[in-house]
Each structure stands twice: as structure tokens, then as C-alpha cells.
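Trainee: Starting from these lines, generate the structure:
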Amino acid sequence: MPREYYSVGEAAKTLGISVDTLRRWDRQGRLKTERDGSNRRIVPAGEIDRLRGESGTAHLSARNRFNGVVTDVKIDGLVAQVEMVVSDPVRLVALVTRDAVEELQLRPGMSATAIVKSTSVMVQH
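Mentor: The predicted structure follows:
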């Protein structure tokens, strides 16, 4: 049976953010929390799903989808670098065009999905 609620610490870890950031998002209205019987914040599972992005909303042949939260956007001329936390401690960094960042209105704190389509990935040490 899926969980309905997460503690603040569990939700923050799942989203790849700090507890302080989660509380700030709650105060700013970017995240909806509830209170348990001891008046502690709890986060509905639906809120975590919403922030991480819903899978299956687009129809692409790419199978490697990473739902996460944008943590940084750096724009330099025509190129932009977007950093996302896809699951703690995994971070994904993508180089995209400035136009793409502006069209998608990417900014830190919003949910996004990184879709990877590649014929090969090589890493050597």
C-alpha cells in the first residue's frame, strides 16, 4: 500500500533539498504541507509527485527519464547549464540552449524531467 504522507525530513531527502528549503517553500506556497496530531508538518505523497514531475505525460521513444527538481540555471550567451537533483545524492547537469531555458521558463525550485536518449555513454577513469 503506497504511503500517503512523508515526514519533512523524508520529503526533503526525496526531493533532494534541505529541510530548511522545504519549510521555506511551504511558507512561500510552493509546497503544500499538512499538520499531524502533534502539529508537525507532513507532506502529502501527491505533493512530492507534483514537484518531481509526472511521468508518462509526453510520448517519446526515450526510456531514460529522470524526474527531479531544478537546483541551478546558468546562462552564458547562447548556452545554458541546468542542474537538477534527480534523487539524493544524484545530480544531473545538462547543457542546453538559452532559448530552451527561456521557453521552458526553467528556474531553481521547479520540477522538471530530464530525458536521455543516447546510443552510447562512455566514462573512463
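Trainee: mind listing the strands for this structure?
Mentor: Counting by DSSP state E, the chain has strands at residues 5-7, 34-35, 41-44, 64-76, 79-87, 90-97, 111-116.
Trainee: Name the residues that touch the fourth one?
Mentor: Counting by C-beta atoms under 8 Å, 6 or more residues apart in numbering, strand 64-76 makes contact with 15-17, 51-55, 80-87, 91-92, 98, 101, 106-117, all of which sit outside it. C-beta coordinates here come from the backbone N, C-alpha and C atoms, glycine included.
Trainee: buried residues in it?
Mentor: Within strand 64-76, the residues scored as buried using 16 or more other C-beta atoms under 10 Å are 66, 67, 68, 69, 70, 71, 73.
Trainee: Can I get these in JSON lines including distance to residue 45?
Mentor: Below are these laid out as JSON lines (distance: C-beta to C-beta, whole Å):
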{"residue": "66", "distance to residue 45": "19"}
{"residue": "67", "distance to residue 45": "14"}
{"residue": "68", "distance to residue 45": "17"}
{"residue": "69", "distance to residue 45": "16"}
{"residue": "70", "distance to residue 45": "21"}
{"residue": "71", "distance to residue 45": "22"}
{"residue": "73", "distance to residue 45": "27"}
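Trainee: can you pull the contacts of the residue nearest to residue 91 when sequence neighbours are not counted?
Mentor: Leaving aside its chain neighbours, residue 91 sits nearest to residue 85 (5.6 Å; criterion: C-beta to C-beta, 6 or more residues apart in numbering). Going by C-beta under 8 Å, 6+ apart, residue 85 touches 15, 16, 17, 68, 69, 71, 91, 92.
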